[in-house]
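[1] Provided below for reference: sequence and predicted model.
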Amino acid sequence: MIEWKCKKFEELSVHELYAIMRLRSEVFVLEQNCAYLDADNKDQECWHFAGWHNNSPVAYVRLVPAGRSFKEPSIGRVVTSPAHRKGGHGRVLMQKAIELCLEKFGRQPIRIGAQLYLKNFYESLGFVQDSNMYLEDNIEHIEMVYTGFKQ
C-alpha cells in the first residue's frame, strides 16, 4: 500500500528529507552517473510529493514555484525507486503531481525539463515538446509544457 504525501520543505521530518535525498542520489548520481550538486537551494521553496511504503519513498517529485526553474511552475526531480519500477507508480505520481501543481500554483501552464527518452510518457500525460534537444549533465533533455487544464 502506497501512502501519498505532499509537504512543504519545513514540514518534512529529518527522516523523510534524508530518505528523499538518498533516493535522488541513488538514481540521479549513482544510476545515471551524473556528478552534480543535487541540493541546489530550490528545495526550501518547493512542495515535496512522494508515495511512501514502509517509511521509504517509492516515487517522488518536487513542485517548483514559478520563477525558480522556469517562468512557469514546474515539476522536477521526478524519480521512481529502482525497487518499485514497472508498478505504475511513476504514472500515478505524475498524474497527482499535475493536479497538485495546478492546486498549489493556480491553473497555468506547467513546464518540465524532461529526459528525451521519456518524451512519449510525458506526452501521454498531456505535455507537449516546447524546445529543441539539449544536454544536461550529459543526458539528452527537452522542455515540455502542460496546458491540459480546463480554464
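    Right, received. Where do you want to start? Numbering: from 1, shown residues only.
[2] for the protein, longest helix please?
    If you go by DSSP state H, the chain has its longest helix at helix 89-105.
[3] so who does the closest residue to Glu3 other than its chain neighbours touch?
    With CB to CB, 6 or more residues apart in numbering as the criterion, Glu3 has its nearest non-adjacent residue at 4.8 Å, and that residue is Trp52. In short, each C-beta sits where N, CA and C put it, glycine included. Trp52 makes contact with Ile2, Glu3, Trp4, Lys5, Val58 under the criterion CB atoms under 8 Å, 6 or more residues apart in numbering.
[4] So what's the residue count around the first one?
    By other CB atoms under 10 Å, 15 other residues sit near Ile2.
[5] Quick check, Gly126 in contact with Met144.
    No: if you go by CB atoms under 8 Å, Gly126 and Met144 don't touch, sitting 9.6 Å apart.
[6] What average pLDDT does the strand or helix carrying Val61 get?
    If you go by DSSP states H and E, Val61 is part of strand 56-64. Summarised as a single mean, pLDDT over strand 56-64 is 96.
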